[in-house]
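A.B. asks: What follows is a predicted structure for the sequence shown.
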Amino acid sequence: MKLAYYPGCTAHGSAVEIDVATRKVAQTLGVELKEVEDWNCCGGGFLDERDPVGHAAINLRNLSKVEKMGLEKMVTPCSVCLHSHRLAVHKYEEDPVLKEEVDKRTQGTTVQYSGKANAEHIVWVLLRDVGLEKIKAAVKKPLVGLKVATYYGCQMLRPGEVMGFEDPHSPHSLADLVAAVGATPVTFPAMTYCCGFPLMGSNEKGGLRLAYNIMKGARDAGADLLIHPCSLCHLQLDVTQVKVRDMFSLDWTMPAIYATQLLALAFGFSPEEVQLGRNAAEVLRQKGLI
Amino acid sequence: MEKLNYDVVVVGGGLAGLMTAHEVASAGFRVAVLSKVFPTRSHSACAEGGIAAYMDGNSDPSDSPEFMVYDTVKGGDYLVDQDAAEILSYKSGEIVRLLESWGALFNRQPDGRVALRYFGGQTYPRTRFVGDKTGMALLHTIYERVSGLNVDFFSEWFTLDLLVTDRRVTGVVAMEMKSMSPATFGAKAVVLATGGNGMLYQHTTNSYINTGDGYAMALRAGAALKDPEFVQFHPTALYPSDILISEAARGEGGILKNNKGERFMTKYAPMKLDLAPRDVVSRAILTEVAEGRGFPGGYVQLDLTHLGEKYIKERLALAVEAGRNFAGVDPVKEPLPVRPAQHYYMGGVDVDVSGANPDLPGLFAAGEAACVSVHGANRLGSNSLLETLVFGRETGQAVVKFLENSKEVRDAPNPEKVVDDAYSFVKRESGVHFGEVMKELRKTMWEDVGVFRDEERLKRAVSKVTELRKTAVNMYVTDRSKTYNTEFFNALELRNMLDQAVVIATTALNRTESRGAHYRLDFPKRDDKQWLKHTLAYLRGNTVEITYKPVKITKWMPEERVY
Amino acid sequence: MKELDKEVKVKVKRFSEEKGTWWQEYTVKVDKYTQMTEVLKRIKEEQDPTLSYRASCHMAVCGSCGMRINGAPRLACRTIALEEVDRTGSDTIVVEPMDGYPVLKDLVVDLTDFYNRMYKVKPRLHPSEDVLKGKSEHRLKPEDQSRLWKFAQCIWCGLCVSSCPAVRIDVEFLGPAAHAKGYRFLSDPRDTSFEERAKVLIDSAWRCTYCYMCYEVCPRDIEPVEAIKLTRTYTTKFGPTGDASSFGERHSKAVEESIAETGMLQGGKVYVKTYGLVNSLISMIELMKDGKATKLIMERQKKVRGIDELRKLLGEKQ
Amino acid sequence: MEEAISSVLKSIGAEVSPWIPVSERPGKEPFAKEAEYKAKDYWGKIHLRNTGELYVLVVTKAVKNWKDSVGKLNLKGRVVDAVGGLLWLKENPELLKGDLEMISSFLARSNTAVGSQSHSR
């Protein structure tokens, strides 16, 4: 199976372990990820309000490249990139005024979007295109006894009409993956709430409070660690976790790892190979899983 | 019991009540609006199609306010008071202009002026609209406006009864639903703007809250209901939610079919078929169901599928939305389940064109709660929103004049009795539940005081309702909760419904002709010699007293009503 | 018809001041058309008159019947019982009061907080005196009418606020419904109090976390988050009105500049531009404790090769 | 632009008023200019947006409902709204003359038949 691949700025930069783990998982499962040539930033959830036409145009630039590759699915490990591209397509198709403006801008450029290509989340591809059976078959080290909170966040789920993969109020894609690798999925009420990352540029304290709610929710549900589906959730829940701990004077951690990092571990890759954070590694060590 | 004092108490926070409150507050008087729901949840929000208005300089070039009066009078089968219809028509333009100035988002013409469209029964197009949610848009606009004035809102307060002292209205007793604590509202004038009473019928397009509380309070205070026998039924309400599917669905080519797939209207109206008048179609549907050709549950099908997806979506967006969201049916792919349902109450608290009740000084009414006699025996589409605003304003202005000449009133001697009466249901340890009585009442009204009426059914209804009223005296509220006890309020609503039902059934039995929405199988013709007059009905204990009042005719003499 | 008379179990989270909280189960016969408002009505009229809930229009225009149905914030009238059974694969439908508001009884919650949020944005047109006096008339372009009508359709049901995470953690955030309403007047060309409205709305708009929950739950498809996004765009014109808007505007501008410069989003740079060098260094020291700081420093400074094309797509004048 | 439009109208024999600016409310900058005109069997206004879009309102008593009649005309402009005796067209300055001439001749033809048209349907 060959799919176009869009890592996104963050997985290419400060959260590179997401890119690394995603490629390893894909490779193991026989999915060929072909990185989109000279892709550009999706706008990161902010550009659409400053310049709706520009936002749609630069997202369509990526998708138009996918079409030129002869492909339709553009896989991304980042919910924000997913959201940005899918929303751009949605608005381009629904809003004739916007479409006209976007078409004006793309005139005379390489951007030619036919409407066939769209962004897909790696989690969707794993479940819909690869299938749980194949994933189960690839497991070399079942993560038995590990309680994994499944944190979905926002943008992979909502708006449901634009994302369209699963019920945004009771998702179970991540739980299915967790179960497939032998670990125990843990659901909790905050699993579809926001991690607070989008607030970090305007209301940092608020953003950290939201992050705390997720960590605390996972902890209260008895999880050893949590998995998430998004580069920016990763920045918020992993990289920035220390700030949350400071703000709330916490003496505990809630390791947050990317969904494919968990899979890769079960597929037999070492913590170093998937660049696992030291808190997460510590939990796995205690459980005797590494 | 707490005692609050106002110049005016308005009961009801829909379009009519808010418009009245606006006028009173703008004149500097102290006004309280009591509503059993938060104002924007009032039934005004359900109006779909629009509000009729002749706007000078922005109307069809051939139209005039005179045509509008004529359409209204004819539509009402000549039971319309023509002076009232004139006010309605001549003030329609300024009312729409007023609501627009407050921010109403009417659909527009390219130059930015308010747009218009045709509606049933109009000689020229004059309906102004906000998409297909005109009522919702206007209700929010007026609430936004009035909530910025000096008006005290008592939302989720249930009004128990009017207070009458020295043969005039001196306030109300009401209860906060949250805390269940009662209070007396002393006032020199009370305006009933409590809306209609669709819940009396098993099938209705009305909101659950439409229990006609104002009619019953007026009756118990000794005021008359005017023309109580006139109840409008709409042929195509969605099964089972009874959400209105607009006449436009048939206008655009929709076909009614029975369970054999037959286009049954060929039997009942060979010429006009599915586009026959509302009453004819309603009778046809119910006959099919009664004779076993309906679907289980009692409906027929409205088939739009042959019109094609594009056409349906373009022209009948609301039918699509309603079908998909409320019946789980996509009208593009399968027929809509429909049946007739009660839709509007032409009768109401007897008032003149100023909204004043002649029996009790200080009592006013506006909107569907009132019978100003602009709708006569049958209301025209787009005229109900208009009535609420035009006569809401007339009433408000009349109340202001009334207050300017009004002396201080004496406190009602025994407001506690009102609360005790209400609480009798809670104090009782056994008896019937409101649900049992209500189901029977709604069934009786639907079957025997509904679309088809005749002496036998109406007599049966009168005796059944009388019996239910006796049973209800022994009503028993099981919920002892002292916070937001909806069972208690449902019981009080049922008491109100029973008081109206006996009046409606009795007056329907009394009127031995067919006129507008009142259709008697045993008297199928209109009889102007005997019946060109308004019914006035009082409720004295268990007896309904009937008197009459002439219809006001200014220039349009009755003629046969053909379309 | 076979769908008639299917039985569903309805599990209701009940509450009364006297008895506290408990769960109660009912069995109700439904058909494929039955709305949840009808289900509740049948329970109340036929089985248990003590059940309290709000419902009025049963056509999603009055906003009375907001509640949680199988965990989702919904209007009961816009929820068909058997579709819930299909959605969850369970014959039991779980009904709870809306989150985030004090429960008064069973499914009835106290919406005072919601209403107060709405009043804060002065939810009414402030027309000019001449128009009110009838000396002059409004005009409104049809395209403005439909743009405004989208955001004006709020029915005050409270579902968006009940499910909004930012409302829970930030008292200064007005919440989705109030923002939709506020924007509807802020951008109404007939209104005369732009400045007053901008002061109320702009800073709060930067306190939204863009989680799209309001978009998801709104039964009238208002998409309040879109109104918030549009409100933020007024910051450039009007200027920030508080901390959130001044940081936010800097941040969002930095994102835009980063993309225009390189075609990529450089997190570290954007952070510095938003919070200034000193604050950023403090954050960096904090992150070092966890060994994470290197990540931000390590960021690759890749530049998109087609940057000229990208700048054209971003509307740069040639 | 305004002059050109006025002269198109005059060329079909219509009287044209001076152009006036219109805005959403008093004190707000205008978004369009308007001129009223009167031709033989119809009258109305020209609404010209600052952005250049041109709309024409055609009012007549000779047509019961434009909605039923526009199909019979082969107008080049786009019908934006047609209800009763009111018709709104989105026009192009170059096509305006042709469309107005078409309307004039259509109304002249139907005017002779208008006496027999029933008003009851």
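C.D. replies: In hand now; what should we look at?
A.B. asks: what are the phi and psi angles of the closest residue to A:Asp238 other than its chain neighbours?
C.D. replies: Excluding the flanking residues, the one nearest A:Asp238 by Cβ to Cβ, 6 or more residues apart in numbering or on different chains is A:Ala256, at 4.6 Å. (C-beta placed from N, C-alpha, C; glycine too.) When read as degrees, to the nearest 10, the backbone of A:Ala256 gives phi -120, psi 120.
A.B. asks: what do you get for A:Tyr6?
C.D. replies: Torsion angles, degrees, to the nearest 10, at A:Tyr6: phi -130, psi 100.
A.B. asks: quick one: low-confidence ranges for chain B?
C.D. replies: Chain B contains residues with pLDDT under 70 at B:562-563.
A.B. asks: do that again at 50, thanks
C.D. replies: Within chain B, no range satisfies pLDDT under 50.
A.B. asks: Give me the packing partners of the helix of greatest length in chain D, helices and strands only.
C.D. replies: If you go by DSSP state H, chain D has its longest helix at helix D:93-113. Applying 3 or more Cβ pairs under 8 Å, 6 or more residues apart in numbering or on different chains; DSSP states H and E, one finds that helix D:93-113 contacts helix D:2-11, strand D:54-59.
A.B. asks: if you average pLDDT over each of the ones you listed, which comes out lowest?
C.D. replies: Confidence, taken as mean pLDDT, is least for helix D:2-11 of the helices and strands packed on helix D:93-113 (a mean of 93).
A.B. asks: Give me the contact list for that one.
C.D. replies: D:16, D:19, D:33, D:35, D:37, D:39, D:46, D:48, D:54, D:93, D:96-97, D:100 (Cβ atoms under 8 Å, 6 or more residues apart in numbering or on different chains).
A.B. asks: From the structure, what's the count of residues near B:Met478?
C.D. replies: Heads up, residue B:478 is Thr, not Met. The local packing of B:Thr478 (other Cβ atoms under 10 Å in any protein chain shown) involves 15 other residues.
A.B. asks: Am I right that it is in contact with B:His433?
C.D. replies: Yes. Using Cβ atoms under 8 Å, B:Thr478 makes contact with B:His433 at a distance of 6.8 Å.
A.B. asks: Look up the closest residue to residue 50, ignoring the ones flanking it.
C.D. replies: Picking chain A for this. That would be C:Glu256: by Cβ to Cβ, 6+ apart, it lies 5.4 Å from A:Arg50.
A.B. asks: Let me rephrase: I mean chain D.
C.D. replies: Spatial nearest neighbour of D:Asn50, excluding adjacent residues (Cβ to Cβ, 6+ apart): D:Phe31 at 5.7 Å.
A.B. asks: same deal with B:Leu307?
C.D. replies: Spatially, and ignoring its direct neighbours in sequence, B:Leu307 is nearest to B:Gly253 (5.4 Å; Cβ to Cβ, 6+ apart).
A.B. asks: dump the residue contacts of that neighbour.
C.D. replies: Contacts of B:Gly253 by Cβ under 8 Å, 6+ apart are B:304, B:306-307.
A.B. asks: try B:Glu156
C.D. replies: B:35-38, B:176-178.
A.B. asks: Can you flag the buried ones in these?
C.D. replies: B:35-38, B:176-178 (16 or more other Cβ atoms under 10 Å in any protein chain shown).
A.B. asks: The residues you listed into TSV, with extra columns for distance to A:Arg105?
C.D. replies: As requested, the buried ones among the contacts of B:Glu156 are exported to TSV (distance: Cβ to Cβ, whole Å):
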residue	distance to A:Arg105
B:Ser35	52
B:Lys36	55
B:Val37	49
B:Phe38	46
B:Glu176	59
B:Met177	56
B:Lys178	55
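A.B. asks: For chain D, state which of the residues you listed is nearest.
C.D. replies: B:Phe38 (30.5 Å; Cβ to the nearest Cβ).
A.B. asks: I'd like to know how far the closest one sits from C:Cys62.
C.D. replies: 9 Å (Cβ to Cβ, to the nearest Å).
A.B. asks: ok, the residue in chain D positioned nearest to chain C - how many residues close by?
C.D. replies: Residue of chain D nearest chain C, by Cβ to the nearest Cβ: D:Glu24 (4.0 Å). Per other Cβ under 10 Å, the neighbour tally for D:Glu24 reads 23.
A.B. asks: again with B:Leu521
C.D. replies: By other Cβ under 10 Å, neighbour count at B:Leu521 equals 13.
A.B. asks: wait, doesn't it sit right on B:Gly450?
C.D. replies: No. If you go by Cβ under 8 Å, B:Leu521 and B:Gly450 don't touch, sitting 11.7 Å apart.
A.B. asks: how far away is the closest residue in space to B:Met55 that isn't next to it in sequence from chain C?
C.D. replies: Nearest residue to B:Met55, sequence neighbours excluded (Cβ to Cβ, 6+ apart): B:Gly93, at 4.1 Å. Per Cβ to the nearest Cβ, to the nearest Å, B:Gly93 is found 11 Å from chain C.
A.B. asks: Show me what the host helix or strand of B:Gly93 is packed up against.
C.D. replies: Assessed by DSSP states H and E, B:Gly93 sits inside helix B:92-101. If you count contacts as 3+ Cβ pairs under 8 Å, 6+ apart, helix B:92-101 packs onto strand B:51-52, helix B:134-146, helix B:383-404.
A.B. asks: quick check: angle from it to helix B:134-146?
C.D. replies: Put simply, helix B:92-101 runs at 70 degrees to helix B:134-146, going by axes from the mean of the first three to the mean of the last three Cα atoms, to 10 degrees.
A.B. asks: What lies in contact with helix B:92-101?
C.D. replies: Here helix B:92-101 has contacts from B:51-56, B:59, B:65, B:68, B:106, B:114, B:126, B:128, B:138, B:141-142, B:386, B:389-390, B:393, C:127, C:131-132, C:134, C:137-138, using Cβ under 8 Å, 6+ apart.
A.B. asks: In chain A, what residue comes closest to chain B?
C.D. replies: For chain A, Cβ to the nearest Cβ, closest residue to chain B: A:Glu161, 13.5 Å.
A.B. asks: Mean confidence (pLDDT) on the helix or strand where that residue lies, please.
C.D. replies: Per DSSP H and E, A:Glu161 falls inside helix A:160-163. For helix A:160-163, mean pLDDT rounds to 96.
A.B. asks: is it anywhere near chain C?
C.D. replies: Yes. Judged by Cβ under 8 Å from any Cβ of the partner chain, helix A:160-163 comes into contact with chain C through A:Gly160.
A.B. asks: Contacts only, for D:Trp88.
C.D. replies: B:109-110, D:55-58, D:79-82.
A.B. asks: Domain map for chain C?
C.D. replies: Annotated domains of chain C cover C:6-108, C:111-239, C:244-314 [the TED database].
A.B. asks: Next: chain B.
C.D. replies: In the recorded assignment (the TED database), chain B comprises B:235-342, B:415-533.
A.B. asks: which residues touch the residue nearest to A:Arg50?
C.D. replies: Taking Cβ under 8 Å, 6+ apart as the test, what C:Glu256 contacts is A:46-47, A:50-51.
A.B. asks: rerun that using 10 Å as the cut-off
C.D. replies: By Cβ atoms under 10 Å, 6 or more residues apart in numbering or on different chains, the contact set of C:Glu256 is A:43-44, A:46-47, A:50-51, A:54-55, C:265, C:270, C:314.
A.B. asks: could you flag which of the contacts of D:Trp88 are buried?
C.D. replies: By neighbour count, with 16+ other Cβ under 10 Å, those hold B:109-110, D:55-58, D:80-82 as buried.
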